[in-house]
Structures are given as C-alpha cells and as structure tokens.
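**Student:** Return atomic coordinates for the entry below.
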Amino acid sequence: MEYTGLTCALQNKVGGYPAWNQSPDWPACQRGHHMEHLLSVTPEEDLDMVMGDLGGIYVFLCRQCPELPYAHRYDC
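**Tutor:** Numbers count the residues shown, from 1 in each chain. All right, here's what the predicted structure looks like:
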C-alpha cells in the first residue's frame, strides 16, 4: 500500500503506473513483450462516474511492436 501511495496517482492520468485495487495484471503483447501503461480512467466524483469499488480502466501499449498493439484491464 505504501508503494501505491508513493508511485501511483489515484486519478485519471496519462503514463505512470496504474493504482491497482486487485493483484496487478500487466498484459503482454502476442510477441511476449511487457506492455507499457498508457492511460488510467478512474471514477471522478465531480463527473458522477462510478466504476465498481473505486477501480478503473487501464490502457496499455506495446511500443516495441511496429503495429503498436494495445490492451486494457478493468480493475474494480
């Protein structure tokens, strides 16, 4: 939990690290490359967004592959 507080912003953001509520589920592309975190979309009270138990949607990208494959994870 200390790691999350120091390295992960619990808000919508581009880059950085996801603030996982569950165990981390980092995707890999079809070639086996570790994908990079691209974007976090998390619930915002001001926007009246609800996503389970304060989870979020995390989008990942593989910049090592020329076709730039992407994946997402939903964490609740």
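**Student:** beta partners of His72?
**Tutor:** In this entry, His72 is beta-bridged to Val59, by DSSP bridges.
**Student:** contacting residues around Met35?
**Tutor:** By Cβ atoms under 8 Å, 6 or more residues apart in numbering, the contact set of Met35 is Trp26, Pro27, Ala28, Cys29, Phe60, Leu61, Cys62, Pro69, Tyr70, Ala71. Where C-beta positions appear, they are placed from N, C-alpha and C, glycine not excepted.
**Student:** how about those in JSON lines, adding distance to Ala19?
**Tutor:** Output for those, formatted as JSON lines (distance: Cβ to Cβ, whole Å):
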{"residue": "Trp26", "distance to Ala19": "14"}
{"residue": "Pro27", "distance to Ala19": "17"}
{"residue": "Ala28", "distance to Ala19": "21"}
{"residue": "Cys29", "distance to Ala19": "23"}
{"residue": "Phe60", "distance to Ala19": "14"}
{"residue": "Leu61", "distance to Ala19": "18"}
{"residue": "Cys62", "distance to Ala19": "21"}
{"residue": "Pro69", "distance to Ala19": "23"}
{"residue": "Tyr70", "distance to Ala19": "20"}
{"residue": "Ala71", "distance to Ala19": "18"}
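**Student:** from those, which ones fall inside strands?
**Tutor:** Counted as lying in strands by DSSP state E, out of the contacts of Met35, are Phe60, Leu61, Tyr70, Ala71.
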